[in-house]
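Participant: my questions concern the predicted model and sequence given below.
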Amino acid sequence: MTQIIAGLIAGLVFGIGLAVSGMTDPAVVLGFLDVAGAWNPALAFVLAGAVIVTFIGYRVVLKRPAPVLAPRFSLPAATAIDRELVGGAALFGIGWGLAGYCPGPAIASLAALNRGTLVFVIALLIGMAAVRFVRSTRARPATS
Amino acid sequence: MEAFYPALLGGALIGAAAVLLMGLTGRIAGISGILGGLLPPAPAEDRGFRAAFLIGLVAGPLAVLAATGSSGIGAPVSSYPVLALAGLLVGAGTTLGNGCTSGHGVCGMARLSTRSITATITFTLIAMATVFVVRHLIGGN
């Protein structure tokens, strides 16, 4: 139960940050990605602010032996730069550039009950589930 | 410079949320990962946590709306077919690459993860190239 409350609060702060930063406006996002047009650097400041705060904050909290509400930290262990990582990031980049939505801002924007946002999020769920099904049906190659 | 204060403040809040989540629950604040764990096949055990985080995420702009009179949400600028195609690509790509702008771009970069730095450079450059093709070569959106 405490984890659920922690999730709700962290999600709320994250969502407020997205709304304040301009990430929930696809026109602003596409303005950042349009380096050959009327480039709007705002999102570079969003990323810089987020990474700096996270970098400093992680250094503080990861010094503790364990998180407050869980037995241990769950940090990604993978280190390989493989085809799935780069190919996946490339596919994501095409989609991000087409619509100006990445997953967080798209979900937060559902609050405005815009039909186009809903179309994007439903397709997002289908794309995610499709890859999860493909992964579950094949044996994980050790080297991939 | 003042024009970018909201961007900087919003970014700092996103970072604060990521640090809060790590300090309390030990998790990476990666939206695609948190969302993906709710989906078939084999949804994760901690569905309550995941759903709560996403509900908080949707409530964020509503809180901003209540406080300032504006939610900060802009309408999509693409047609439905483009939004559908983009959604499929973002969903498949972030699942395949194990992360999106939050997991790789914020949390992973802050951990100085080589994987996350590689992914972030890749998706940002490809997104810029995509916008270039759509807006300046094809000339529409």
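Facilitator: Everything's here; your move. Computed from a predicted structure; not experimentally measured.
Participant: state the helix or strand in which whatever residue of chain A ends up closest to chain B lies.
Facilitator: Residue nearest to chain B within chain A: A:Gly15 (1.8 Å; Cβ to the nearest Cβ). C-beta: built from backbone N, CA, C; applies to glycine. Per DSSP states H and E: A:Gly15 is located in helix A:2-21.
Participant: and that helix, how far from the chain's centre?
Facilitator: 13 Å (Cα atoms, centre = their mean, to the nearest Å).
Participant: ditto for stretch B:36-53
Facilitator: Counting by Cα atoms, centre = their mean, stretch B:36-53 comes out at 17 Å from the chain centroid.
Participant: now stretch A:44-52
Facilitator: That offset, for stretch A:44-52, works out to 14 Å (Cα atoms, centre = their mean).
Participant: what comes up buried for the longest helix along chain A?
Facilitator: Longest helix in chain A by number of residues (criterion: DSSP state H): helix A:115-137. For helix A:115-137, the neighbour count (16 or more other Cβ atoms under 10 Å in any protein chain shown) marks A:116-121, A:123-125, A:127-129, A:131-132 as buried.
Participant: that one near chain B anywhere?
Facilitator: Yes. Legend: contact between helix A:115-137 and chain B by Cβ under 8 Å from any Cβ of the partner chain is shown at A:115-117, A:119-133, A:136.
Participant: one step back: and which of the buried residues of helix A:115-137 is nearest B:Gly103?
Facilitator: A:Met128 (13.2 Å; Cβ to Cβ).
Participant: wait, A:Ser136 touches B:Pro41, no?
Facilitator: Yes. Shown here, A:Ser136 and B:Pro41 form a contact pair, counting by Cβ atoms under 8 Å, at 4.8 Å.
Participant: okay, now A:Tyr58: neighbour count?
Facilitator: Neighbour count of A:Tyr58, defined by other Cβ atoms under 10 Å in any protein chain shown: 22.
Participant: B:Leu125 against A:Phe92, yeah?
Facilitator: No. Using Cβ under 8 Å as the test, B:Leu125 is too far from A:Phe92 to be in contact (11.8 Å).
Participant: quick one: secondary structure of the residue in chain B positioned nearest to chain A?
Facilitator: Nearest residue of chain B to chain A, counting by Cβ to the nearest Cβ: B:Gly60, 1.8 Å away. Classification of B:Gly60 using DSSP: H, G, I helix; E, B strand; the rest coil returns helix.
Participant: burial measure for it, as a count.
Facilitator: 28.
Participant: could you find the closest non-adjacent residue to it?
Facilitator: A:Gly15 (1.8 Å; Cβ to Cβ, 6 or more residues apart in numbering or on different chains).
Participant: contacting residues for that neighbour?
Facilitator: Neighbouring residues of A:Gly15 by Cβ atoms under 8 Å, 6 or more residues apart in numbering or on different chains: A:108, B:56-61, B:63.
Participant: and of these, the nearest to A:Pro76?
Facilitator: Nearest to A:Pro76 among these: B:Leu57, at 20.9 Å, using Cβ to Cβ.
Participant: check whether the closest one really touches A:Ile107, as I assumed.
Facilitator: Yes. With contact defined as Cβ under 8 Å, B:Leu57 and A:Ile107 form a contacting pair (5.4 Å).
Participant: can you check which residues contact both of these two?
Facilitator: With Cβ under 8 Å, 6+ apart as the test, B:Leu57 and A:Ile107 both reach B:Ile31.
Participant: who's more crowded, these two?
Facilitator: Neighbour comparison, B:Leu57 and A:Ile107: the larger count goes to B:Leu57, with 33 against 28 (by other Cβ under 10 Å).
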